[in-house]
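S.K.: coordinates for the following, if possible.
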Amino acid sequence: MKTPYQIQYEAFASAGGLYNEGHAKLYAELADAMIEDGSFSIVYEGVAHACYTPITVDAAPHLKCYVLAPLAVLPQY
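M.R.: Residues are numbered from 1 along each chain as shown. This next block holds a predicted model:
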């Protein structure tokens, strides 16, 4: 099964357009750093990966919110 780093790297490396290999490495390293820092992480069937981090919205502290980033899906899926 692919690691979060591999999924993030492969997805962004093959995206083209605005993204290049440097961006792919940046997002893959960001995912690893966020996981090490305590963000939640999910790998779906080895083809998708997302980090999600709980946040509090000052204007609505009763809401349960998460930042969903970085998020990647391998292009063939």
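S.K.: nearest residue to residue 48 other than its sequence neighbours?
M.R.: Closest residue to residue 48 apart from its sequence neighbours, by C-beta to C-beta, 6 or more residues apart in numbering: residue 73 at 4.4 Å. From N, CA and C alone the C-beta is placed, and that goes for glycine too.
S.K.: surely the one you found meets residue 11?
M.R.: Yes - if you go by C-beta atoms under 8 Å, residue 73 and residue 11 touch, sitting 6.1 Å apart.
S.K.: comparing those two, which residue is more hemmed in?
M.R.: residue 11 (23 against 14; other C-beta atoms under 10 Å).
S.K.: for residue 53, see how far away the more buried one is.
M.R.: 19 Å (C-beta to C-beta, to the nearest Å).
S.K.: residue contacts, the closest residue to residue 77 other than its chain neighbours?
M.R.: Counting by C-beta to C-beta, 6+ apart, residue 77 lies nearest to residue 47, which is 4.5 Å off, once chain neighbours are set aside. Contacts for residue 47 (C-beta atoms under 8 Å, 6 or more residues apart in numbering) come out as 2, 7, 73-74, 76-77.
S.K.: of these, which is the nearest to residue 66?
M.R.: Of all those, residue 66 sits closest to residue 73, with 18.0 Å by C-beta to C-beta.
S.K.: local confidence estimate at that closest one?
M.R.: We have a pLDDT of 97 for residue 73.
S.K.: and it, what does it touch?
M.R.: If you count contacts by C-beta under 8 Å, 6+ apart, then residue 73 has 7, 11, 47-48 around it.
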